[in-house]
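Novice: Structure of the sequence below:
(2 chains)
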Amino acid sequence: MKIAVIKYNSGNVQSVLYALERLGADAELTDDPAKIRAADKVIFPGQGEASTAMTYLKSRKLDSLIKDLKQPFLGVCLGLQLLCEHTEENDTECLGVFPVKVKRFIPENSQEFKVPHVGWNELENLTADPLLHGLPANPFVYYVHSFYAELSEYTIATTHYIHDFSAILHRDNFWAIQAHPEKSSTVGEKLLENFLKI
Amino acid sequence: MLTKRIIPCLDIKDGRTVKGVNFVQLRDAGDPVELAKIYSDEGADELVFLDITATVDKRKTLAELVTKVAKAINIPFTVGGGISTIEDVKFLLNAGADKISINSAAVQNPKIIDEMAAEFGSQCIVVAIDTREVDGIDFVHTHGGRKATLLRTQAWAKEVCDRGAGEILLTSMDHDGMKTGFANEITAEISLMLSIPVIASGGAGNMAHFKDVFTFGKADAALAASIFHFKEIPIPELKDYLIREGISIRK
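Specialist: From the prediction side, this is the model:
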């Protein structure tokens, strides 16, 4: 099984590759459209700023490529946000795989809620989904983000910070997770392992 | 619910883990990669690696060690010590670090915080602040706490936040190595003033000190070194204690 990890100008994709390596997966970091199309599974990692990332994806024509992919696809962190319709981060139109809006956290009480949302928080309201198979109840995952996807019919797990938001989304062959599975200890490993089995 | 983080800090010198009492006497505590793996398996929420000799010796990177650690563990980690340029940061992030921490370089050239945050995102830029009280006033110190500056700690914390730091690692040089508890007062003052997380460091001696820094100190995370390295407080025991005390903790 061949895993393509989409290469674009985003931070720390290395840890996603290391996590896949620990699971024994055959993963390659690539921006070659042919390799991405031919892969059995595609992972779209990401950290960084949305408009810069979208501009880069468009310049390499990766935006239309991603939308047309039919194999299991996993967006991570910024990858989730870019799969949505629009993000408030620099008012950026995104890929629109999920008809969901991405908003900035606005703390009602800055002494209690800080932005970015950094640290370990729980996945809640887990639905029956192959990606979530075998996870413990309310498992902890590691977050670092200032923007969140609103709840939608595609939400398969939520997390509460200030309010509930979409922790994990699933539509057709597209999955997306806001937390960092590659940094989420055994829970993250289970999520990645589940994705590799889909 | 978002949990409070427990962060073991591994001070690195010549590729080995050391911890100085008030940064002067050094004791050897083992192989950093092995130790990192143990902490990760024991339930540490994050790790920090600080090359304590870097600023003085002008040694630039820990890239080799960073790659080994990134391959071995599945929790986030921060790397600091002697980082001063965009290139340093790029090198360490590409090696597999999740965040970098800057200290003296930010004091010497505050604009570097804006530049690093713009280039890599605030989420991976931690600004470490070493503070020491002088005649009742808190001043920022650099170079492992040896060099005093004229910067007031509170004002500097506000400035680094405004410039785009993602987190503050606040070390009390008065408390560091003393094992008498964290500097709860200034930690709370800064944490309540700012919209970004504050990691408290320096002074952990027993489990109650962690409870205190999360409650009175309003810290988002607590960092310690020797008490973990020498197994004075096992992390699973600490986490069980904090949960019993009603603190939100990941198990």
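
Novice: For the rest of this, base every contact and every neighbour count on C-alpha atoms.
Specialist: Will do.

Novice: So is the top helix by length along chain A next to chain B?
Specialist: Across chain A, the longest stretch assigned as helix under DSSP state H is helix A:185-197. Yes - judged by CA under 8 Å from any CA of the partner chain, helix A:185-197 and chain B are in contact via A:185, A:186.

Novice: Tell me the gap between the host helix or strand of residue B:171 and the middle of its chain.
Specialist: According to DSSP states H and E, residue B:171 maps onto strand B:167-172. The chain centre lies 6 Å from the centre of strand B:167-172; the measure is CA atoms, centre = their mean, to the nearest Å.

Novice: what mean pLDDT does it have?
Specialist: Strand B:167-172 shows a mean pLDDT of 97.

Novice: And the contacts of it?
Specialist: With contacts defined as CA atoms under 8 Å, 6 or more residues apart in numbering or on different chains, strand B:167-172 is touched by B:123, B:125-132, B:157, B:161, B:182-183, B:187, B:196-203.

Novice: before we move on, what about stretch B:115-135?
Specialist: Contacts to stretch B:115-135, defined as CA under 8 Å, 6+ apart, come from residues A:11, A:47-49, A:116, A:144-145, B:86, B:89, B:98-103, B:106, B:113, B:138-142, B:144-145, B:153, B:157, B:160, B:164-174.

Novice: quick one on the thing from earlier: who does the longest helix of chain A touch, helix- and strand-wise?
Specialist: The contact analysis (3 or more CA pairs under 8 Å, 6 or more residues apart in numbering or on different chains; DSSP states H and E) places helix A:185-197 against strand A:140-145.

Novice: Mind checking which of the contacts of strand B:167-172 are in strands?
Specialist: Counted as lying in strands by DSSP state E, out of the contacts of strand B:167-172, are B:125, B:126, B:127, B:128, B:129, B:130, B:131, B:132, B:198, B:199, B:200, B:201.

Novice: What part of chain B, helix or strand, is modelled with the least confidence?
Specialist: strand B:25-28 (a mean of 46; mean pLDDT, DSSP states H and E).

Novice: Equivalent analysis for chain A, please.
Specialist: Of chain A's SSEs (mean pLDDT, DSSP H and E), minimum confidence goes to helix A:50-59, a mean of 90.

Novice: moving C-terminal of that one, what's the next helix or strand?
Specialist: Per DSSP H and E, the first helix or strand lying C-terminal to helix A:50-59 is helix A:62-68.

Novice: Which residues does the helix or strand that the least confident helix or strand of chain B is followed by contact?
Specialist: With elements assigned by DSSP H and E, the helix or strand that comes after strand B:25-28 is helix B:32-42. Residues from elsewhere that reach helix B:32-42 (CA under 8 Å, 6+ apart): A:185, B:8, B:10, B:12, B:15-17, B:46-47, B:65, B:68-69, B:72-75, B:235-236.

Novice: swap in stretch A:50-67?
Specialist: Under CA under 8 Å, 6+ apart, the answer for stretch A:50-67 is A:8-10, A:31, A:33, A:37, A:78, A:81-82, A:87, A:89-92, A:94-95, A:97.

Novice: Looks like residue A:115 contacts residue A:105 (just checking).
Specialist: Yes - Residue A:115 lies in contact with residue A:105 (CA atoms under 8 Å); the separation is 6.8 Å.

Novice: what do the two both touch?
Specialist: Residues touching both residue A:115 and residue A:105 (CA under 8 Å, 6+ apart): residue A:146.

Novice: which of those two has more neighbours?
Specialist: More neighbours surround residue A:115 than the other of residue A:115 and residue A:105, with 21 against 18 (other CA atoms under 10 Å in any protein chain shown).

Novice: Relative to residue B:11, how far out is the more buried one?
Specialist: From residue A:115 across to residue B:11, the span is 28 Å (CA to CA, to the nearest Å).

Novice: what sits against residue A:39?
Specialist: Contacts of residue A:39 (CA under 8 Å, 6+ apart): A:1, A:2, A:3, A:4, A:71.

Novice: Closest to chain A out of the ones in strands among the contacts of strand B:167-172?
Specialist: The closest of those to chain A turns out to be residue B:198 (CA to the nearest CA; 9.8 Å).

Novice: The closest residue to that closest one other than its chain neighbours: neighbouring residues, count only.
Specialist: Spatial nearest neighbour of residue B:198, chain neighbours left out: residue B:168 (4.9 Å); criterion: CA to CA, 6 or more residues apart in numbering or on different chains. With neighbours defined by other CA under 10 Å, the count for residue B:168 comes to 25.

Novice: so residue B:168 bridges to which residues?
Specialist: For residue B:168, the beta-bridge partners are residue B:127, residue B:198 (DSSP bridges).

Novice: quick check: longest strand of chain A.
Specialist: Longest strand in chain A, counting residues (DSSP E): strand A:163-171.

Novice: rewinding a little: in the longest helix of chain A, what counts as buried?
Specialist: By neighbour count with 16 or more other CA atoms under 10 Å in any protein chain shown, helix A:185-197 contains the buried residues A:185, A:186, A:187, A:188, A:189, A:190, A:191, A:192, A:193, A:194, A:195, A:196.

Novice: Nothing else from me, thank you.
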